[in-house]
Structure formats: C-alpha cells, structure tokens
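Engineer: sharing a model that was predicted from the sequence below.
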Amino acid sequence: MTVPSGGLDCNGPLDALRKITVEGRKSAPYNCWMSDSPKITVVDFITVPTQDVPRSVEFYEGTLGLRKSVYMPERGFAEVETGNVTITLTNFEQMGMEFHRNTNPFALHVDDLPAAKSALEAKGVVFDGDPMDTGVCHMAFFADPDGNPLMLHSRYAPRVTLQD
C-alpha cells in the first residue's frame with residue numbers, strides 16, 4: 001500500500017496496525033501519524049563522516065561485511081547497505097566543510113553478539129570494554145577508522161512499545 005494524501009485513517013483500533021511500503025521497503029508498524037506532523041515513513045540513509053572514503057569503504061565493506069552500493073571517492077562519498085538503512089560515508093572536507101565525527105553510536109544488529117565480536121576482533125577491531133547487558137539486549141561498542149562510534153546490538157527479550 002502507498003501512503004494516501006493526508007495520511008491513513010487514525011480511527012482504527014490499536015490491534016489493526018498496518019505497514020506501508022515506501023520504495024519497496026516496509027516501515028515499522030504504526031497506527032497513525034500525529035496530527036500536523038510530517039508524514040515521515042522510513043529513514044532513507046544515515047551519514048557517517050570520514051576523512052578518507054576508500055579507507056571507510058574498506059572498513060564498512062571489508063571488515064563489517066556490508067555491501068557497497070555507491071562509490072564516488074572523487075566526489076567525497078560512498079554508500080553501503082545494511083539491509084534496511086543505507087549508510088552514506090561522506091568526506092565533508094572535500095565539500096568545503098569541517099570534519100566532525102559522530103558522537104553517538106548507531107546499533108548494528110547481529111544475531112550472535114559474542115561470535116560477531118570475536119570475528120571483528122580477529123580482523124583488528126578494538127572494542128571499548130566488555131559487552132553490556134541491559135536486561136533486554138547485549139551491546140558492544142567500538143569505532144570506525146575515523147573514530148565514529150558504533151555498536152553491535154543483539155536483543156534477547158521482546159521489544160515492548162507504548163502500544164503493547
């Protein structure tokens with residue numbers, strides 16, 4: 001289903017959650033949008049700043065195993081795919097802006113965190129301490145070659161939302 005003009009009917013029961021498709025991707029379940037809010041349906045991409053596009057691609061593709069989909073180092077960017085979100089690797093200095101690494105990690109889902117952590121350590125990735133257990137998931141923190149923080153994430157308890 002595509003999004004109709006004006007959004008979807010918000011009068012249905014909460015158990016009638018729907019999914020919409022945007023450019024072939026499914027969004028998370030929802031009931032309706034808040035009134036007067038933009039109709040945001042998915043995250044198209046996230047940006048990771050880099051000072052060296054080829055080095056970043058080697059890390060995200062060669063080390064993390066993500067598929068490269070765009071490669072234009074002469075223009076200061078490349079893209080890799082996670083399966084649900086595109087990661088855009090951007091050299092802002094090539095565009096006349098200052099480099100500022102990200103300050104907060106984004107979570108990269110893995111089914112088996114200990115195995116994924118061991119595999120990355122074998123490739124030279126250094127983790128910040130031991131994995132953390134939050135009571136619903138395990139998280140392990142590390143950084144890319146530009147110092148952008150990243151997290152391996154594995155949920156083991158059901159996700160509870162406001163609609164549950």
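Structural biologist: Looks like it came in fine. As the structure is a prediction and not an experimental result, all values here were calculated from the model. Numbers count the residues shown, from 1 in each chain.

Engineer: tell me, how many residues neighbour Asn91?
Structural biologist: 20 (other CB atoms under 10 Å). Any C-beta I mention is one placed from the backbone N, CA and C, and that applies to glycine too.

Engineer: enumerate every residue touching it.
Structural biologist: 49-53, 73, 76-77, 99 (CB atoms under 8 Å, 6 or more residues apart in numbering).

Engineer: so what does it have for phi and psi?
Structural biologist: Main-chain torsions, Asn91, degrees, to the nearest 10: phi -90, psi 100.

Engineer: what of Pro73?
Structural biologist: Main-chain dihedrals, Pro73, degrees, to the nearest 10: phi -60, psi -30.

Engineer: okay, it: pLDDT?
Structural biologist: Turning to Pro73, the model gives it a pLDDT of 98.

Engineer: residues in contact with the closest residue to it other than its chain neighbours?
Structural biologist: In space, and not counting its chain neighbours, Pro73 is closest to Val53: 4.1 Å by CB to CB, 6 or more residues apart in numbering. Val53 makes contacts with 73, 76-78, 89, 91, as judged by CB under 8 Å, 6+ apart.

Engineer: pLDDT weak spots in the chain?
Structural biologist: 1-35, 164 (pLDDT under 70).

Engineer: now the helices for it?
Structural biologist: Counting by DSSP state H, the segments of the chain that form helices are 53-57, 113-122.

Engineer: the last one packs against which elements?
Structural biologist: What that stands for is helix 113-122. Using 3 or more CB pairs under 8 Å, 6 or more residues apart in numbering; DSSP states H and E, the elements in contact with helix 113-122 are strand 137-143, strand 149-155.

Engineer: mind listing what's buried along the last one?
Structural biologist: The neighbour-count criterion (16 or more other CB atoms under 10 Å) identifies 150-154 as the buried residues of strand 149-155.

Engineer: which parts of stretch 58-74 are buried?
Structural biologist: Going by neighbour count (16+ other CB under 10 Å), the buried part of stretch 58-74 is 59-61, 64, 66, 71, 73.

Engineer: now the terminal residues of it, how far apart.
Structural biologist: By CA to CA, to the nearest Å, the extent of stretch 58-74 from end to end equals 16 Å.

Engineer: excluding its backbone neighbours, what's nearest Ala157?
Structural biologist: Leaving aside its chain neighbours, Ala157 sits nearest to Val136 (4.1 Å; criterion: CB to CB, 6+ apart).

Engineer: re the thing from before, with distance to Val160 as extra columns, can I get the helices of the chain in JSON lines?
Structural biologist: Listed next are the helices of the chain as JSON lines, based on distance: least, CB to CB, whole Å:
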{"stretch": "helix 53-57", "distance to Val160": "35"}
{"stretch": "helix 113-122", "distance to Val160": "20"}
